[in-house]
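> attaching a predicted model along with its sequence, questions to come.
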Amino acid sequence: MKALILAAGEGTRLRPLTSNIPKPLLLVAGRPFLSHVLDALSSQGIKDVSILVGWKANKIKEHYGDGSSMGLRITYLEQKERMGTAHAIGMAESVMDEPFVCVNGDVVLFEPDLKGVLDRFEETQCTVMGAVQVPDPQRFGVIEERDGMLLKIHEKPEVPPTDLINAGLFVFTPEIFGGIRNTGISKRGEYEITDTLNALAEKGRVAVQPLREKWIDVGMPWDLLRANEMIMSRLVRRIDGTVEEGATVKGAVVVEAGALVRSGSYIEGPAYISSGCDIGPNCYIRPSTCLGPRVRVGASVEVKNSIVMSGSHIPHHNYVGDSLIGERCNLGAGTKIANLRFDDRNVKVVHKGEMVDSGRRKLGAVMGDDVKTGINAMIDAGTVIFEGSVIGPGASARGSIGPGSKVL
């Protein structure tokens, strides 16, 4: 069986993390997010993969090439104009002439769920859609089903009929393309796969397969932290780099070849230390921390439950908690990132001019690429700092700080 991965979106809700990097290449548990999806497909013997790309397509193509480094055969389709999910899937008609897996490139995919969907297809020989229960179904396509067969999908209903939603994982037969050709444009000006599936459901041609593993749709920056926590919980200890005498490495920690952990460092797993990292001396890396290639974590630094992307430096007397740090950032000595409100309520974030509840009791900063801070800078919980900004010595930053800004 072949697979189609939908990865053409701009990831605007994830900015500033996606200002320079396409969403599928954002770092999660030591690797680009898309690599974990590819691993799940490969685990089920699916080696022929088409990736639908769009925003910054060349970066994805350059990273994966033909897929041979992962034992895959990867080809690319490019969606230059985003006209809805049905339009995106329809672009694969020329390359999918048999049943195929289709998965959104922004969902966490684990092998047991993929196997369950494939087994259900073998049983029914019709379209199968993965479904998952969530506490807030009104934000998604809500599934109404009977005896395991789809009756109707309700797109973001005010009063959801169930708490079961479309999980973004399907097995399609080539009949989906005929359905897409007969799908009209929606009120939103897009070709919606929901409309296509509802038409197939009227013919009794869509089976619903509940997913048993944890599920997350990575739509907002803090969703990356949840995805990282989920994937890291399955991490297997591997020490290939250099760990000096006097360093402590506990639990499921990966230290890649070419990484250096200096004496006095204390690392609690799960944690991922990528190639080229220079850690310590005398620092504390707490669970669910992922450090990208060439990250520097220096003396008297504590990093907790955070993703720090390639080339960033956290070198002296810093605290970074529950944060997402972009590429090539540099924190001045004494910079602290808060991650907890005084009233102990969920951290709220300014997103596109509106205050949004992150759903997280602890959330630090979301920092774009090439951000620099001066000594003793203070960053409040839930602060979003866009790329190229400077937070000056002793300055206090909060809210949303636009690209190239200076806070002094």
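Nice, I can see it. From a predicted model like this one, the values you see are computed outputs, not experimental measurements.

> neighbouring contacts of the strand or helix carrying Leu225?
Using DSSP states H and E, Leu225 falls within helix 221-232. With contacts defined as CB atoms under 8 Å, 6 or more residues apart in numbering, helix 221-232 is touched by 13-14, 17, 26, 28-29, 33, 36, 108, 214, 216-218, 252, 270-272, 287-288, 290, 305-307, 322, 324, 349, 358-360, 363, 366, 384. (C-beta placed from N, C-alpha, C; glycine too.)

> after it, which helix or strand is next?
Using DSSP H and E, the next helix or strand after helix 221-232 towards the C-terminus is strand 238-239.

> thinking again about what came up before, please list only the buried members of the contacts of helix 221-232.
Taking 16 or more other CB atoms under 10 Å as the criterion, what is buried in these is 13-14, 17, 26, 28-29, 33, 36, 108, 216-218, 252, 270-272, 287-288, 290, 305-307, 322, 324, 349, 358, 360, 363, 366, 384.

> distance between the longest helix belonging to the chain and the chain's centre?
For the chain, the longest helix by residue count, based on DSSP state H, is helix 111-124. Helix 111-124 sits 23 Å away from the centroid of its parent chain (CA atoms, centre = their mean, to the nearest Å).

> which element follows it toward the C-terminus?
strand 127-133.

> same question for that following strand, mean pLDDT?
For strand 127-133, mean pLDDT rounds to 89.

> got the buried residues for it?
127-132.

> chain center to that strand: distance?
Using CA atoms, centre = their mean, the offset of strand 127-133 from its chain centre is 20 Å.

> could I get the full set of helices for this structure?
Counting by DSSP H, the helices of the chain are 33-43, 57-64, 85-90, 111-124, 175-181, 193-201, 221-232.

> which outside residues touch the shortest one?
Under the criterion CB under 8 Å, 6+ apart, residues 4, 6, 8, 52, 79, 82, 102, 172, 176-177, 180-181, 183, 190-196 lie in contact with helix 85-90.

> what backbone torsions are found at Asn376?
phi 60, psi 30 (degrees, to the nearest 10).

> low pLDDT regions in the protein?
Scanning the chain for pLDDT under 70 picks out no residues.

> which strand in it has the most residues?
The longest strand of the chain (DSSP state E) is strand 164-172.

> my read: Ala7 touches Pro32, true?
No - Ala7 lies out of contact with Pro32 (CB atoms under 8 Å); the separation is 10.6 Å.

> who has more neighbours, those two?
Ala7 (27 against 19; other CB atoms under 10 Å).

> so what's that one closest to, chain neighbours aside?
Nearest non-adjacent residue to Ala7, counting by CB to CB, 6 or more residues apart in numbering: Gly105, 3.4 Å away.
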